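[1] just coords:
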């Protein structure tokens, strides 16, 4: 589960729409108001409280006018993968939702990597390292409506053959070579003799030569990148050093030159950075997992529900490191994803539960008030604000519980909390 925490942030990048909106609040003095300062604090705590998801991921959620809502996600990307985040909204008022992606430094500070440069635009990020990344969504103040978020992951480069077939990749990065005296510094893609091998992006040919291991090779620098792509075991090279090529242009023909002369024809494909060889598979892997379908009821968004029986809640999917919620625990539905609801508990903690865990808040029982001037509270805490006083003998309906309080409704439609007896 997630809870509000504070921590160090680097929010100095001035160019994102989120930061521009924050400056408007500051310039208007709204950071001195409860609503404005709450929005700014929410922006800071969202990343600390990110729910952990596995890509690809999709959720349909709701941001409420009367809440300081937002959503944040933590996920892993491998170097060379490309994240695409698609956000759509549905609302009678065209409210803004700000979307950005962050990384966390070793000292705990967060560093913004990219953002959607206009409200409603898609966002893309190429992972320059393998590790955890964070995506934040936050609506403007007083905005409300539903949203759909899709997080898709795929390769940042094209496949090096015109016919795309994942089964052609039969030898992977890091496996032992020459009696384990060295490791494979690429992947092998098998096809027929003299199959054209192509540029995986626009870029420049920076080397055409021959060596003992790779045979006839081509070195290629993708445009705007700080790494080099290596094509080896070619039967023929069809480009020259310094040549500018476009994505899909033929660089050479597949063969088995170099130390591959006893193997079937294949392309040894490698990626080299300033730190040496890295796994090239995430850069070109054509196997893209489809986005899971939404199986929950989106009509439940922003409604109050309760657990039908004890239920497991977690801040990550699939559910891990769970805590147990008691039967009849009250929760607000924030979002729906695959077979889960993302919920918020009355104390502000949030997490995922299976969509079969929640039921509608039909009255559990009728309860007669026995204490004089029983306060109906707006929060399950004895020091919370009082909505009204309930007279002795008045009957209320119990909707659900949270810790030492029960949520009740009166005959005239008021809903609030009273202590458990």
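    Perfect, I can see it now. From a predicted model like this one, the values you see are computed outputs, not experimental measurements.
[2] Could you check how far stretch 101-111 is from the centre of its chain?
    The chain centre lies 15 Å from the centre of stretch 101-111; the measure is C-alpha atoms, centre = their mean, to the nearest Å.
[3] So which residue is dead centre in the chain?
    In the chain, the centroid-proximal residue (C-alpha atoms, centre = their mean) is residue 73; its distance is 4.4 Å.
[4] Was I right to think that one contacts residue 56?
    No. Applying C-beta atoms under 8 Å as the test, residue 73 and residue 56 come out as separate, 11.8 Å apart. Just so you know, the C-beta spots here come from the backbone N, C-alpha and C atoms, and that holds for glycine as well.
[5] so where's this structure shaky on pLDDT?
    Residues of the chain meeting the criterion pLDDT under 70: 1-14, 119-120, 174, 176-182.
[6] Provide a complete list of residue ranges assigned to helices in it.
    Taking DSSP state H as the test, the helices found in the chain are 17-27, 34-48, 281-284.
[7] Next, show the common contact partners of residue 73 and residue 56.
    Shared contacts of residue 73 and residue 56 (C-beta atoms under 8 Å, 6 or more residues apart in numbering): residue 151.
[8] Which of the helices of the chain sits closest to residue 331?
    Residue 331 sits nearest to helix 34-48 of all those, at 19.2 Å, using C-beta to C-beta.
[9] Check the offset of the closest one from the chain's centre.
    20 Å.
[10] Of the helices of the chain, flag the one that's most buried.
    By mean neighbour count, with neighbours taken as mean count of other C-beta atoms under 10 Å, helix 281-284 ranks first of these at a mean of 23.
[11] List of residues touching it?
    Under the criterion C-beta under 8 Å, 6+ apart, residues 78-81, 127, 155-160, 169, 172-173, 187, 200, 269, 271 lie in contact with helix 281-284.
[12] From those residues, list just the buried residues.
    Neighbour counting with 16 or more other C-beta atoms under 10 Å marks 78-81, 127, 155-160, 169, 173, 187, 200, 269, 271 as buried within the contacts of helix 281-284.
[13] Which of these fall in strands?
    81, 155, 169, 187, 269, 271 (DSSP state E).
[14] Can you lay out those residues as TSV showing distance to residue 118?
    Formatted as TSV, these follow (distance: C-beta to C-beta, whole Å):
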residue	distance to residue 118
81	24
155	26
169	38
187	38
269	36
271	32
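[15] quick one: which of those is nearest to residue 351?
    Among those, residue 81 lies closest to residue 351 (C-beta to C-beta), at 26.6 Å.
[16] how close does that closest one get to residue 236?
    32 Å (C-beta to C-beta, to the nearest Å).
[17] try residue 186
    With C-beta to C-beta as the criterion, residue 186 and residue 236 are 20 Å apart.
[18] again, but for residue 260
    Taking C-beta to C-beta, one finds residue 260 at 14 Å from residue 236.
[19] Between these two, point out the one with more neighbours.
    Per other C-beta atoms under 10 Å, whichever of residue 260 and residue 236 has more neighbours is residue 260, with 19 against 12.
[20] Is it correct that that one is in contact with residue 266?
    Yes. At 6.7 Å, residue 260 counts as touching residue 266 under the criterion of C-beta under 8 Å.
[21] what sits in contact with each of those two?
    Contacts common to residue 260 and residue 266, judged by C-beta under 8 Å, 6+ apart, are residue 233.
[22] number of nearby residues for residue 68?
    Neighbours around residue 68, by other C-beta under 10 Å: 19.
[23] cool, residue 322 as well?
    Counted by other C-beta under 10 Å, the residues lying close to residue 322 total 16.
[24] Quick check: it vs residue 253, distance?
    55 Å.
[25] Please apply the same query to residue 207.
    17 Å.
[26] end-to-end on stretch 197-212?
    Its first and final residues considered, stretch 197-212 spans 20 Å by C-alpha to C-alpha, to the nearest Å.
[27] and what of stretch 391-398?
    End-to-end distance of stretch 391-398: 16 Å, with C-alpha to C-alpha as the criterion.
[28] Outside of it itself, list whatever touches it.
    By C-beta under 8 Å, 6+ apart, stretch 391-398 touches 363-374, 390, 406-411, 418.
[29] Residue 114: neighbouring residues, count only.
    17.
[30] pretty sure it contacts residue 126?
    No. Applying C-beta under 8 Å as the test, residue 114 and residue 126 come out as separate, 9.4 Å apart.
[31] related to what we said a few turns ago, out of the helices of the chain, flag the one nearest residue 118.
    Residue 118 lies closest to helix 17-27 among the helices of the chain, at 7.0 Å (C-beta to C-beta).
[32] Nearest to residue 399 among the ones in strands among the buried ones among the contacts of helix 281-284?
    Closest approach between those and residue 399, by C-beta to C-beta: residue 81, at 45.2 Å.
[33] what about the strands in the stretch 151-300 of the chain?
    Assigned by DSSP state E, counting those that start in this stretch, the stretch 151-300 of the chain shows strands spanning 169-171, 176-177, 182-183, 187-190, 196-198, 203-211, 215-222, 228-237, 244-245, 250-254, 266-273, 276-278.
[34] Now do the phi/psi pair for residue 301.
    Backbone geometry at residue 301, expressed as degrees, to the nearest 10, gives phi -60, psi 140.
[35] for it, what are its contacts?
    So residue 301 contacts 60, 61, 62, 146, 333, 334, 335, 336 (C-beta under 8 Å, 6+ apart).
[36] 6 Å instead?
    62, 333 (C-beta atoms under 6 Å, 6 or more residues apart in numbering).
[37] Perfect, I'm done here.
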